[in-house]
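Peer 1: sharing a model prediction with you, sequence too.
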Amino acid sequence: METDFESTLPNLHALSVTEAVSEKAHQDRMDEDGVVEHVEAHNSADDDLDSISKVHKTRRYIDIMEMAEKMPELFSTRGIVLEEDAGLQLIADCFALRGDILRDIGKLYKFIRGKYHSRFPKLELSGLSLEKYAQVVKKVGNEMDLTLVNLNGVISPTMISGFLKKVSTPCGKPLPDEVLRKVFDACNRLLVLSSTESSVSAFVDKITEYIAPNLFALLGSCLTSKLIMASGGLSPLANIPADNFNLLGPKNITNLQRFLTEMPQFDWLEDTDFLARVHSGLEFNVYRHVAKKTTVAACVDCRKEDPTGKTGKCMRDEIFMEIERWIKEPYYGGYERKKSKRREDPLSKLKQKKRYATMRRMQKIKELIEMERMGFVAPRDAGRQAGIGQVSSQISCP
């Protein structure tokens, strides 16, 4: 019997193909007219929120959110059979939906900031995130005295005093009721889209954990999904040698600084948490070790040998143990630490010969000085000339 989860996948695939074709046709039409920027500026300046945020009306949004709501029931018993290609397509659709949601969140933030700038000019410079900004706008409203506003649920108590000092400037004019209502509506939509984006991210985590449990336990959801999408699946990822992981990632194509460095750039592996306690001398060895473990974990997931993810957890613990050993012992990944050797002075032998010649000359001078100090003509003591030869000089007379 086909489940709701499996019946939705063909619709998503057909939807992605249709949207790609329609988007290309729309892009060609707008390029011919040459009014893309004008239309976007007109839509952002329009007061109609439905023209600003449209992602909640798309078919992809509706299907994926229905699947996300049924996620606990689908993944609790492992009763579904999700093929690798279908899982990759679903992850790609979730990434596309997440990009659309973030784009609409940015548009709503610009709308709120444009309307509320005349009310509090310094509020947008306070360094708050988009969600915190919308929550503060809903709390403040047209209130003139910020000390009367309860911000405990929005900002941490330790930062409230600094926040009030930063924005305690002369307030602008109160907004009309109609404009304030639209601002509150935009704030509500922004918060809803923010929670939706979190739900989509959690859904991607569950799909990634279901497809590759050992890679998920080893690297985490974000990096695992990136590696699977970049390589084209678990099977190609398992067939990639560990030394070729530096070929994955867009930085190798766009960053020309890579060609000036001697060390290969493992761009995707920079997002791991294995480098938290590692200094710069051990980074390459950690990259190489993690790449080897990643290939092994991908092979285990590709063959469905361990669906529980214990192998990935054991590999993660082994990597941390190896890092601790490398930090304590003077070995880098099994190789002895290179000792810095002092370069030999090419004139050292000549200097040594000159030094020895100087020492011999000084010794001769010292001997001559000692000989000059000796008294060869000094008369002997009369009491010691007893006719006993040289022994008389050694014996003292009474």
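Peer 2: Looks like it came in fine.
Peer 1: so, low pLDDT: which residues of this protein?
Peer 2: Confidence mapping of the chain against pLDDT under 70 gives the ranges 1-47, 71-85, 125, 166-171, 246-269, 271, 280, 329-342, 375-398.
Peer 1: in it, which spans are strands?
Peer 2: 331-332, 335-336 (DSSP state E).
Peer 1: can you tell me how far the nearest residue to Val183 once chain neighbours are set aside is from Pro174?
Peer 2: Leaving aside its sequence neighbours, Val183 sits nearest to Lys115 (CB to CB, 6 or more residues apart in numbering; 5.0 Å). Quick note: C-beta positions are derived from backbone N, CA and C, even for glycine. Relative to Pro174, Lys115 is positioned 12 Å away (criterion: CB to CB, to the nearest Å).
Peer 1: now swap in Ser129 and tell me
Peer 2: 25 Å.
Peer 1: with Met67 instead?
Peer 2: Noted for Met67: a distance of 44 Å to Pro174, by CB to CB.
Peer 1: neighbour count for these two, which is higher?
Peer 2: Met67 (20 against 14; other CB atoms under 10 Å).
Peer 1: number of residues surrounding Glu270?
Peer 2: Other residues within reach of Glu270, judged by other CB under 10 Å, total 13.
Peer 1: could you do Lys173 as well?
Peer 2: Other residues within reach of Lys173 by the criterion other CB under 10 Å amount to 8.
Peer 1: for it, which non-adjacent residue is spatially closest?
Peer 2: Ser118 (6.3 Å).
Peer 1: my read is that the one you found contacts Pro174, right?
Peer 2: No - with contacts defined as CB atoms under 8 Å, Ser118 does not count as touching Pro174, sitting 9.5 Å away.
Peer 1: now do the contacts for the closest residue to Ser199 other than its chain neighbours.
Peer 2: The spatially closest residue to Ser199, leaving aside those adjacent along the chain, is Ala68, at 5.1 Å (CB to CB, 6+ apart). Shown here is Ala68, whose contacts under the criterion CB atoms under 8 Å, 6 or more residues apart in numbering are Ser199, Val200, Ala202, Phe203.
Peer 1: mind checking how far Ala68 is from Thr196?
Peer 2: Using CB to CB, one obtains 9 Å as the distance from Ala68 to Thr196.
Peer 1: could you report the neighbour count for Arg119?
Peer 2: One way to gauge burial is a neighbour count; for Arg119, by other CB under 10 Å, it gives 21.
Peer 1: what is the burial count for the residue lying closest to it once chain neighbours are set aside?
Peer 2: In space, Arg119 comes closest to Gly172 once its chain neighbours are excluded; the distance is 5.1 Å by CB to CB, 6+ apart. Close neighbours of Gly172, defined as other CB under 10 Å, add up to 13.
Peer 1: same deal with Leu237?
Peer 2: Using other CB under 10 Å, Leu237 has 25 other residues around it.
Peer 1: what segments of the stretch 151-300 of the chain are helices?
Peer 2: For the stretch 151-300 of the chain, the helices defined by DSSP state H, counting those that start in this stretch occupy 157-167, 177-211, 213-219, 221-231, 234-239, 251-254, 283-302.
Peer 1: so which elements touch the third one?
Peer 2: Right, helix 213-219. When contacts are defined as 3 or more CB pairs under 8 Å, 6 or more residues apart in numbering; DSSP states H and E, helix 213-219 packs onto helix 177-211, helix 221-231, helix 283-302, helix 310-328.
Peer 1: and the spatially closest residue to Gly106 that is not a sequence neighbour, what does it touch?
Peer 2: For Gly106, the nearest residue in space outside its immediate sequence neighbours is Leu130; the separation is 7.8 Å by CB to CB, 6+ apart. Contact criterion CB under 8 Å, 6+ apart gives Ile105, Gly106, Tyr109, Leu190, Ser194 as the residues in contact with Leu130.
Peer 1: looking at the contacts of Ala68, which two lie furthest apart in space?
Peer 2: The largest separation in these, counting by CB to CB, is between Val200 and Ala202 at 7.3 Å.
Peer 1: of the two, who's got more company?
Peer 2: Comparing Val200 with Ala202 by neighbour count (other CB under 10 Å), the higher total belongs to Val200, at 20 against 13.
Peer 1: neighbours around Asn142, how many?
Peer 2: Other residues close to Asn142 by other CB under 10 Å number 12.
Peer 1: for it, what are phi and psi?
Peer 2: The phi and psi torsions at Asn142 (degrees, to the nearest 10) take the values phi -100, psi 20.
Peer 1: how much space between it and Ser195?
Peer 2: Here the distance between Asn142 and Ser195 works out to 26 Å (CB to CB).
Peer 1: over to Lys107?
Peer 2: Using CB to CB, one gets 17 Å for the distance from Lys107 to Ser195.
Peer 1: just Ser348 next, same as before
Peer 2: Ser348 sits at a distance of 73 Å from Ser195 (criterion: CB to CB).
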